[in-house]
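A.B. asks: Got a predicted structure plus its sequence, pasted below:
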Amino acid sequence: MGRILILYDNRTDRDSLIRGWGFSALIEQGDRRTLFDAGADRLVMQHNAHVLGVDLSQVNALVFSHEHCDHIGGMFSVLSRGLSVFCPTSFSRTYQKALHKETGALQLVSKSVEISPGILSTGVLGTTIKEQALIIQGREGPILITGCAHPGIVKICGAAQDIAGTSLQLVLGGFHFYRSKEQKVRGEIESLKDIHINRIAPCHCTGDGAMALLRNAFGETFLEIKAGTEIVIE
């Protein structure tokens, strides 16, 4: 039993939180806390964490999906000595050196690796923009969390299912449809349905138009998530 708490997104579920272009999700399982991405702005991260009762100094592991500023800009809200940091091997040497200097515990990821018990990286996917996603093992099935899904949401889901060995219970995060034409989004929706995902919860870079198409296509299995949303891990 645990939870996923969205700390940073373009939308919020209450007025006391600050919205911003970016993404961050906290995964809590027992006494382990894993932060996936760190949003774009340190002050927004700190504010939202405070409002939501999250002590960022208690985070055990920080995982970056990719190097874009809307996912790493708030990193100094959480970086501390001894924090385990997992980033793709594609990260620039500048960031690698800075992360190692701040934490002393940097791990470069290329293939699927265990982040903490019950949480796996997909390994680095994609060619032009390389990215990793997270797989969380739950009693009802695996949960996939994506940052921006630059390699393609369907490809990431397929890779995650191959690693998990079963269908995904939930896929949440950025689907990166905000610049996609409607025809392409509809094709991706059909492909997502073909791989039998139980529920989807798109946010961040998915885009309002694509969100509406996904909401209509998935009906009751579509979950609205924003900064402040909590999802229970069964």
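C.D. replies: Received the coordinates, thanks.

A.B. asks: for the nearest residue to residue 54 once chain neighbours are set aside, helix, strand, or coil?
C.D. replies: Spatial nearest neighbour of residue 54, excluding adjacent residues (C-beta to C-beta, 6 or more residues apart in numbering): residue 26 at 6.1 Å. Yep, even glycine has a C-beta here, placed from its N, CA and C like the rest. Per DSSP: H, G, I helix; E, B strand; the rest coil, the local secondary structure of residue 26 is strand.

A.B. asks: So which residues of the protein form strands?
C.D. replies: 2-8, 24-29, 32-36, 61-63, 84-88, 106-109, 114-116, 119-121, 134-136, 143-146, 170-174, 199-203, 230-233 (DSSP state E).

A.B. asks: Can you read off the pLDDT for the residue nearest to residue 95 when sequence neighbours are not counted?
C.D. replies: What sits nearest to residue 95 in space, not counting adjacent residues and going by C-beta to C-beta, 6+ apart, is residue 67, at 6.5 Å. Note on residue 67: pLDDT of 97.

A.B. asks: Residue 126 too?
C.D. replies: Confidence score, pLDDT, at residue 126: 97.

A.B. asks: quick one, what contacts it?
C.D. replies: Counting by C-beta atoms under 8 Å, 6 or more residues apart in numbering, residue 126 touches 150, 151, 152, 155.

A.B. asks: where does this protein have low pLDDT?
C.D. replies: For the chain, applying pLDDT under 70 flags no range at all.

A.B. asks: Determine how far stretch 16-32 lies from the middle of the whole chain.
C.D. replies: Here stretch 16-32 is found 9 Å from its chain centre; the criterion is C-alpha atoms, centre = their mean, to the nearest Å.

A.B. asks: what's the answer for stretch 123-131, then?
C.D. replies: Counting by C-alpha atoms, centre = their mean, stretch 123-131 is centred 14 Å from the centre of its parent chain.

A.B. asks: Ends of it, what's the gap?
C.D. replies: End-to-end span of stretch 123-131 (C-alpha to C-alpha, to the nearest Å): 8 Å.

A.B. asks: And stretch 69-85, by the same measure?
C.D. replies: Its start and end residues considered, stretch 69-85 measures 17 Å (C-alpha to C-alpha).

A.B. asks: what does it rub up against?
C.D. replies: Under the criterion C-beta under 8 Å, 6+ apart, residues 8, 21-24, 35, 37-46, 49, 56-57, 59-65, 95, 99, 102-107, 115, 147-148, 204 lie in contact with stretch 69-85.

A.B. asks: what residues are up against residue 225?
C.D. replies: Residues in contact with residue 225 (C-beta under 8 Å, 6+ apart) are 6, 9, 172, 201, 202, 203, 231.

A.B. asks: From residue 155, how far out is it?
C.D. replies: To residue 155, residue 225 is 22 Å away according to C-beta to C-beta, to the nearest Å.

A.B. asks: what about residue 132, distance to residue 171?
C.D. replies: Distance, residue 132 to residue 171, by C-beta to C-beta: 15 Å.

A.B. asks: who's more crowded, the two?
C.D. replies: Using other C-beta atoms under 10 Å as the criterion, residue 132 and residue 171 rank with residue 132 on top: 32 against 26.

A.B. asks: what about the residue in the chain sticking out farthest from the centre, distance to residue 38?
C.D. replies: Within the chain, the residue lying farthest from the chain centre (C-alpha atoms, centre = their mean) is residue 183, at 25.5 Å. Separation of residue 183 from residue 38 (C-beta to C-beta): 34 Å.

A.B. asks: Same question for residue 49.
C.D. replies: As judged by C-beta to C-beta, residue 49 and residue 38 stand 10 Å apart.
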